[in-house]
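Enquirer: Just a sequence and a predicted model for now, questions to come.
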Amino acid sequence: MQLGKDFKKVLRQIEEEKGLSEETIVSSLEAAMVSAYKKFKGGNQHTEVYIDVENGEFSLYEVYEIVEEVVNPDAEMTLEEAERRGYKELEVGDIIRTEVLPEDFGRIAAQTARQVIIQKLKDAERQVVYEQFSDKIGNIVTGSIFKAEGDQILVRLNDKTEAIMPKEERILGEKYIPGSRMKFYLLDVRQTTRGPRIIVSRTHPGLLRRLLELEVPEIQDGVVEIRNIVREAGTRAKIAVASLDVNVEPLGACVGKQGGRIKSISSELNGERIDIIVFNNDPLKYIVNALSPAKVVRIEPLLDQDRSVIAYVRSDQLSLAIGKAGQNVRLAARLTGWKIDIKVKEEEKLPTMKDLFMDLSEIIDEDNK
């Protein structure tokens, strides 16, 4: 029976365009034919199908085991029945294959072959997409906003691939206008029955890390190292950096000339304010740096509490140290891993004439006693 004169040509075309091997397609077709024949016959036959790739012909066989007594007539046959069908010199336990040529099955076979090929093409395309993007997990991808769907934003990564940005991965207050292009952090790629499910993020700290790596050559070259990043996406972030070269100042390298590098990154992140902090192995000095731009006068570790400090600032620095709604001290604590309490340091006052007079009076009183 024929699958079509152009069967070989179609196979070659699929191999070249979709990267599917001939063996994969043919074995899938044969398995589908077996299933289709069982439905066609309405039994539970043991069936085998063999496809001749060169001419597009296929052969269909019902397989029987020779038994003394038949229990399953769809898969078993007695010696006597086999001899009546022309088989000779058989023994119980032998297997025979009887070729069948049902009149109406040719059309069903052709339809089955078409459906299998279409499904295989879909599977191949999904696998290509999965392999392409699963290797990019943890990196930046660029895409355009496609549409909103429930609590999710759909992002088009290319002509055939869309990603999902869940609500929790969106920057609060950022506008996602259809057609606008943005950079995203590729968070996850999962295989599902409907194809790869690609998740992207605008809030993940990894997005800020990758943007820094793109913008700052010293980070790309490994001269400046990112030690930690914390974000409250869309409003503020703190990044701890260290230099592995004494001749390179990490803060200046990241900020860039006239702040050009950090401004470019901030612009990409909806105006997010970014504080660059110099890492220090001394945790107390590190905490002082992390509270920047506030100036810390003194810092004291709390001996009765693990990883806790009190940072003293002057009164005019208090609001800066705490930050709007506590954001500055909160990010500093997350960056360093220490609990930070902010207190105002009482300013030392110079003694007045009244204070000096009172002290002198007390001394005279003591002497007269």
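Expert: That came through fine. Numbering: from 1, shown residues only.

Enquirer: hey, let's count contacts and neighbours off CA atoms from now on
Expert: OK.

Enquirer: and the protein, what are its domains?
Expert: Domains of the chain are assigned by automatic domain parsing as 7-132, 136-201, 208-279, 283-369.

Enquirer: Quick check: end-to-end length of the first one?
Expert: End-to-end distance of domain 7-132 (Cα to Cα, to the nearest Å): 30 Å.

Enquirer: need the domains of the chain in a markdown table with mean neighbour count and mean pLDDT, can you?
Expert: Converted to a markdown table, those look like this (neighbours: other Cα atoms under 10 Å; pLDDT from 0 to 100):
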| stretch | mean neighbour count | mean pLDDT |
| --- | --- | --- |
| domain 7-132 | 15 | 81 |
| domain 136-201 | 17 | 92 |
| domain 208-279 | 18 | 95 |
| domain 283-369 | 15 | 84 |
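
Enquirer: Tell me which stretches of the stretch 201-350 of the chain form helices.
Expert: Counting by DSSP state H, counting those that start in this stretch, the segments of the stretch 201-350 of the chain that form helices are 205-215, 217-220, 250-255, 260-268, 283-290, 318-322, 327-336.

Enquirer: Lys9 is nearest to which of those?
Expert: Each of the helices of the stretch 201-350 of the chain was scored for nearness to Lys9 using Cα to Cα, and the closest is helix 205-215 (45.9 Å).

Enquirer: In terms of secondary structure, what does that closest one contact?
Expert: Counting contacts by 3 or more Cα pairs under 8 Å, 6 or more residues apart in numbering; DSSP states H and E, the secondary-structure elements packed against helix 205-215 are strand 181-192, helix 217-220, strand 224-232, helix 260-268.

Enquirer: would you list these in JSON lines and tack on distance to Val34?
Expert: As requested, the helices and strands packed on helix 205-215 are arranged in JSON lines below (distance: least, Cα to Cα, whole Å):
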{"stretch": "strand 181-192", "distance to Val34": "26"}
{"stretch": "helix 217-220", "distance to Val34": "56"}
{"stretch": "strand 224-232", "distance to Val34": "57"}
{"stretch": "helix 260-268", "distance to Val34": "56"}
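
Enquirer: Thr98 is nearest to which of the ones you listed?
Expert: Of all the helices and strands packed on helix 205-215, strand 181-192 sits nearest to Thr98, with 40.3 Å by Cα to Cα.

Enquirer: the longest helix in the protein is where?
Expert: Counting by DSSP state H, the longest helix found in the chain is helix 105-134.

Enquirer: quick revisit: which stretch among the helices of the stretch 201-350 of the chain comes nearest Phe7?
Expert: Checked against Cα to Cα, the stretch from those lying closest is helix 205-215, at 48.3 Å.

Enquirer: contacts for that closest one?
Expert: Counting contacts by Cα atoms under 8 Å, 6 or more residues apart in numbering, the residues outside helix 205-215 that touch it are 138-140, 184-185, 201, 219-220, 226, 229-231, 254, 261, 265.

Enquirer: Also stretch 287-305?
Expert: Under the criterion Cα under 8 Å, 6+ apart, external residues in contact with stretch 287-305 comprise 238, 240, 275, 277-279, 284, 307-314, 317-318, 320-321, 328-329, 332-333, 335-336, 338, 345.

Enquirer: Report how far apart the opening and closing residues of it are.
Expert: Counting by Cα to Cα, the length from the leading to the trailing residue of stretch 287-305 is 16 Å.

Enquirer: before we move on, what about stretch 303-316?
Expert: Distance across stretch 303-316, first residue to last, is 28 Å (Cα to Cα).

Enquirer: next one: that stretch to chain centre, how far?
Expert: In terms of Cα atoms, centre = their mean, to the nearest Å, the centre of stretch 303-316 is set 38 Å apart from its chain centre.

Enquirer: Ok, stretch 132-139 next?
Expert: Its chain's average C-alpha position is 7 Å from that of stretch 132-139, according to Cα atoms, centre = their mean.

Enquirer: try stretch 136-145
Expert: Average the C-alpha atoms of stretch 136-145, do the same for its chain, and the two points are 9 Å apart (Cα atoms, centre = their mean).

Enquirer: Next one: Asp341 relative to Ile118, how far apart?
Expert: In this structure, Asp341 lies at 64 Å from Ile118, with Cα to Cα as the measure.

Enquirer: now swap in Gly271 and tell me
Expert: Using Cα to Cα, one obtains 47 Å as the distance from Gly271 to Ile118.

Enquirer: and if you look at Leu79?
Expert: Between Leu79 and Ile118 the computed distance is 43 Å (Cα to Cα).

Enquirer: Please apply the same query to Glu17.
Expert: Distance from Glu17 to Ile118, counting by Cα to Cα: 13 Å.

Enquirer: what's the answer for Val230, then?
Expert: From Val230 over to Ile118 the distance is 47 Å, taken as Cα to Cα.

Enquirer: Equivalent analysis for Ala290, please.
Expert: Using Cα to Cα, one gets 58 Å for the distance from Ala290 to Ile118.
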